[in-house]
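**Q** Okay, predicted coordinates and the sequence, questions at the end:
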Amino acid sequence: MSLIENLENAPCFKKLQESALRKILGMSRTVHFPPDKVIFSEDDTQRDLFLLLEGRVSIELRQPDKPPVHLLTARPGEIFGWSGFVPPYVKTATAIALESVRALVIDARGLRELCERDYEVGYRICDWLNGLLAERVWATRPYLKHAGDSGDNWSQTESL
């Protein structure tokens, strides 16, 4: 599958015109990560989004002296690293390659500028992002409930 086909099949870009997809492709590059490679960590200020092309990526919360909390597994066609697109541009989780990974790295700053210039693109991407954020918050609820039951302060963080 070509990179442009990967973009047009990704949920966040699915309804965009080919001209917009080509602009997004122009602000992107392909990267590879070996298994067990940390792609980014919580609190990184990396301004990139990742479209997973091949492999699987674990999205985890990590705290000192505690086991990581696995939130989800990103699979081909999915976007991860969305917090590079949203102020304050700080990663809210850690991403680790579970196997050999190939991804399209999209410059979030460039994508935001495109969204500001082209309201159709901005609407489509922000509409997708709102749904994704609601889904991710819903997915973390069991962990938050458990953290609150255990007396852990993790449930009181300001990141949500």
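**A** Arrived safely. The model shown is predicted, which means the values in this text are computed figures rather than measured ones. Residues are numbered from 1 along each chain as shown.
**Q** C-alpha only now, for contacts and for neighbours.
**A** Noted.
**Q** and E99, that's in a helix?
**A** No - counting by DSSP: H, G, I helix; E, B strand; the rest coil, E99 is not part of a helix but coil.
**Q** what does stretch 53-65 rub up against?
**A** 6, 42, 68-77, 92-104 (Cα atoms under 8 Å, 6 or more residues apart in numbering).
**Q** hey, where'd the helices end up in this structure?
**A** Residue ranges of the helices in the chain, as given by DSSP state H, are 3-9, 18-26, 108-117, 119-149.
**Q** The ones you listed: which one's closest to R47?
**A** Nearest to R47 among the helices of the chain is helix 108-117; the distance by Cα to Cα comes to 5.4 Å.
**Q** Now do the buried residues in that closest one.
**A** 108-112, 114-115 (16 or more other Cα atoms under 10 Å).
**Q** Next, the buried residues of stretch 44-62.
**A** Those would be 46-61, for stretch 44-62 by 16+ other Cα under 10 Å.
**Q** So, low pLDDT: which residues of this structure?
**A** 143-160 (pLDDT under 70).
**Q** and the residue nearest the centre of the chain, bridged to which residues?
**A** By Cα atoms, centre = their mean, the chain has its centre lying nearest to F80, at 2.0 Å. F80 has these beta-bridge partners by DSSP bridges: F50.
**Q** ok, it - contacts?
**A** 49-52, 74.
**Q** any idea which of those is the one closest to K14?
**A** The closest of the contacts of F80, once distances to K14 are taken by Cα to Cα, is L51, at 12.7 Å.
**Q** Surely the closest one touches V105?
**A** Yes - counting by Cα atoms under 8 Å, L51 does reach V105; the two are 6.5 Å apart.
**Q** quick revisit: show me just the buried residues among the contacts of stretch 53-65.
**A** By 16+ other Cα under 10 Å, these give 6, 70-71, 73-77, 92-99, 101-104 as buried.
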